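Trainee: Below are the sequence and a predicted model for it; my questions follow.
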Amino acid sequence: MERDKNFVLGVYEDEDVLLEAVSKVRESGVKIHEVYSPFPVHGLDEALGYKRSKLPIAAFLFGLLGTILALTMQFYMMKFDWPMIIGGKDHAAFPDFIPVTFELTVLLAAFGMVGVFMISSNLKPWGQPRIFDLRITDDKHVMAIDLATNASLGEGKIAEVLKSSGATEVNKKSFE
Amino acid sequence: MAHSTSNYNLDQKFDFTASLKKSIMTVLVIGAVILAFGIITAMLGGGHDHANESGGHEFHWYQRLFANLWINNVYFTGIAIIGVFFFALQYAAQAGWSTAILRIPLSFGNWLPFAAGLMIVTFFVANHDLFHWTHSYIFDKDSPEYDKLIDGKGAFFYWPMENGSFPIFYILRMVLFFGFWVFFFNKLKSLAFEEDIQGGTSYWRKLRTWSALFIIFFAVSSSISAWDWVMSIDTHWFSTMFGWYVFASWFVAGLSAITLVVVFLKEKGYLEMVNQNHIHDLGKFVFAFSIFWTYIWFSQFLLIYYANIPEESVYFVERLQSDVYSPFIFVNLVLNFFLPFLVLMTRDAKRHAIFLKVVCSIIILGHWFDFFLMVQPGTLGHNGGFGLMEIGMLLVYGAAFTLVALGALAKKPLIAKNHPMLEESYHHHI
């Protein structure tokens, strides 16, 4: 069976039930593809065993890029391209560059972080996000189980595990 | 709930053991010995150095001693009052996370009465040697030393008396600030410890009211004390950012001291309720306010540098173009900005004691250098510097402060067991 195509979905009403269910489902040996919820559920990342996001590293690198860009830009402009004397200072008066450097660092760190987040979570403009169940944008939590990664268990067994963990509905969903 | 604060020994007290006392006393004695050596070398060597500028005043070794006393008076007063301020801030903001560590900042306030005594005595002993404006001849219109600018500012020191007589307004402010600070500290302390015995939420409400009142008073008094005690050394010069600058320096040094004591107690096995999340929050405070201090420092510097008005830029000319002080400008920035910024940037560094111990110690030393740079150039000129006297005096003050704070901490329970937000603090998770 192909990965990332066919899913069994457990629908949960309550976030406390969901949190308990995540641990139960994982204990029973079912691998969870992803959990979708309409609002952030505190402790869900730990329950799913997710590692910490690497987003701060992207932010740091983009920030560093901003710092370097700002400094080289200002040095090039003020020292080589069009030297100007401002307030009797040197052409390349380092303290004057700091505010612009600070702003560009913050700007690039922020934009870079948002961009990386958008791309990595498939929210990029040319991407097509997959909606497992429209109600995850309203009032239901949905746990998606990939059938391919749990091939040894079979659909019936997975549905049983989901039901016993407190899912109010168990549905199937396939993507092209 | 399965886990709750009742699992812990809420009546736990900090045991200020004899061996710990002894090691702090050893630091104090070592400091005193280094200080004595410094004084002797200064007496033998420094006494013959005649200053050519500033009217040809002869330089005496004890001026450097006074300047050192003043640096540490101001610095440790700051750490003490920031302890009280941090405590009050938690109540005013209705913060719950910090409940388990509240007794540590509160204990710093016990230094305030000592600080008040030292400050007032040092002022009377050292006044002409520290503060140029205390000379009466600069207010005398017939004197060749008459200074029109300082005469114009004279009322700020001498009101309602005549300029150049007794600085009653200045002394009054000093007494008033210390008086109110000690009063608010005692009020907050007695309410907090009564809560331990009586329980109930009424103490928390009272504490919140008193905290808010204290913060209003502190907002004004911290700024004015910065002008009085530090900025008035360079009497001609002024900066509208100076109150913030001194406050920022005090605040980050105080936060570092709080963090250091919390980490130290945690390692000794106290404060079982405090976990990595609380440490993380303290780390974030230290990280954020290092940047805040840098922001204030740089804002003051950049405006003066850019505008380049002689009466303003003289402050930085005195420091940056002096072979004594110019290296310390960079020491100041590296210790107080670059190191904390780079080391504490990651989440892991803020959650692990070893990084915090290193960075907080660096910051406490670094902000001493900040005050060193505020006080010494204006009082000692090229006769100043970082030598034995400075190291010794810092060690003496640091050890004395630690003795007072930890001694007070040992007298009362470490945990505010009847604080209504204790449970919230226990469950704090980020």
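Mentor: Here it is on my side, so go on.
Trainee: what does the average pLDDT come to for stretch B:251-266?
Mentor: Averaging pLDDT along stretch B:251-266 gives 97.
Trainee: do the same with stretch B:396-406
Mentor: Stretch B:396-406 comes out at a mean pLDDT of 97.
Trainee: then that stretch to CSV, C-alphas only?
Mentor: C-alpha atoms of stretch B:396-406 as CSV (Å, rounded to 0.1, in the frame of the first residue of the first chain):
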residue,chain,number,x,y,z
VAL,B,396,34.1,42.9,50.7
TYR,B,397,30.7,44.4,49.6
GLY,B,398,29.7,41.3,47.7
ALA,B,399,30.4,39.0,50.7
ALA,B,400,28.7,41.4,53.2
PHE,B,401,25.6,41.6,51.0
THR,B,402,25.5,37.8,50.7
LEU,B,403,25.9,37.4,54.4
VAL,B,404,23.0,39.8,55.1
ALA,B,405,20.7,38.4,52.4
LEU,B,406,21.3,34.7,53.2
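Trainee: residue nearest the centroid of chain B?
Mentor: B:G78 (2.5 Å; Cα atoms, centre = their mean).
Trainee: Show the model's pLDDT score for residue 104.
Mentor: Chain wasn't specified; assuming chain A. 97.
Trainee: look at chain B instead
Mentor: For B:I104, the model assigns a pLDDT of 96.
Trainee: I'd like to know how many residues surround B:L406.
Mentor: Number of residues near B:L406 (other Cβ atoms under 10 Å in any protein chain shown) recorded here: 20. Quick note: C-beta positions are derived from backbone N, CA and C, even for glycine.
Trainee: which stretches of chain A form helices?
Mentor: A:15-27, A:44-48, A:55-75, A:94-120, A:155-164 (DSSP state H).
Trainee: Quick one: closest of those to chain B.
Mentor: Chain B sits nearest to helix A:94-120 of all the helices of chain A, at 5.5 Å, using Cβ to the nearest Cβ.
Trainee: Can you list the buried residues in the closest one?
Mentor: A:96-97, A:101, A:104-105, A:108-109, A:112-113, A:116 (16 or more other Cβ atoms under 10 Å in any protein chain shown).
Trainee: Distance from the chain centre to that helix, please.
Mentor: With Cα atoms, centre = their mean, to the nearest Å as the basis, helix A:94-120 stands 19 Å off its chain's centre.
Trainee: Please name every helix or strand in contact with it.
Mentor: The contact analysis (3 or more Cβ pairs under 8 Å, 6 or more residues apart in numbering or on different chains; DSSP states H and E) places helix A:94-120 against helix A:55-75, helix B:276-307.
Trainee: how much does it deviate in direction from helix B:276-307?
Mentor: Helix A:94-120 runs at 140 degrees relative to helix B:276-307, counting by axes from the mean of the first three to the mean of the last three Cα atoms, to 10 degrees.
Trainee: Can you get me a residue count around the closest residue to B:D151 other than its chain neighbours?
Mentor: Leaving aside its sequence neighbours, B:D151 sits nearest to B:F139 (Cβ to Cβ, 6 or more residues apart in numbering or on different chains; 5.3 Å). Neighbourhood size, B:F139 [other Cβ under 10 Å]: 21.
Trainee: roughly how far apart are B:F139 and B:V314?
Mentor: 21 Å (Cβ to Cβ, to the nearest Å).
Trainee: that's a helix at the residue nearest to the centre of chain B, yeah?
Mentor: Yes. Secondary structure assignment places B:G78 in a helix (DSSP: H, G, I helix; E, B strand; the rest coil).
Trainee: For the nearest residue to it once chain neighbours are set aside, give me its contacts.
Mentor: Nearest-residue entry for B:G78: B:W250, 3.3 Å, with adjacent residues in sequence omitted and distances by Cβ to Cβ, 6+ apart. The contact partners of B:W250, by Cβ atoms under 8 Å, 6 or more residues apart in numbering or on different chains, come to B:75, B:78-79, B:81-82, B:222, B:367.
Trainee: pLDDT weak spots in chain A?
Mentor: Scanning chain A for pLDDT under 70 picks out no residues.
Trainee: what does it have sitting close to chain B?
Mentor: Contact residues, chain A versus chain B (Cβ under 8 Å from any Cβ of the partner chain): A:42, A:52, A:56, A:60, A:87-88, A:95-96, A:98-99.
Trainee: May I see the buried residues of helix A:94-120 arranged in a markdown table, with distance to B:F328 as well?
Mentor: Output for the buried residues of helix A:94-120, formatted as a markdown table (distance: Cβ to Cβ, whole Å):
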| residue | distance to B:F328 |
| --- | --- |
| A:D96 | 23 |
| A:F97 | 23 |
| A:T101 | 24 |
| A:L104 | 30 |
| A:T105 | 27 |
| A:L108 | 33 |
| A:A109 | 31 |
| A:G112 | 36 |
| A:M113 | 37 |
| A:V116 | 41 |
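Trainee: how far does stretch A:129-141 stretch from start to finish?
Mentor: 17 Å (Cα to Cα, to the nearest Å).
Trainee: Show me which residues of that stretch are buried.
Mentor: A:132-133, A:136, A:140-141.
Trainee: ok so, going back, between the contacts of B:W250, which has the most around it?
Mentor: B:I81 (30 neighbours).
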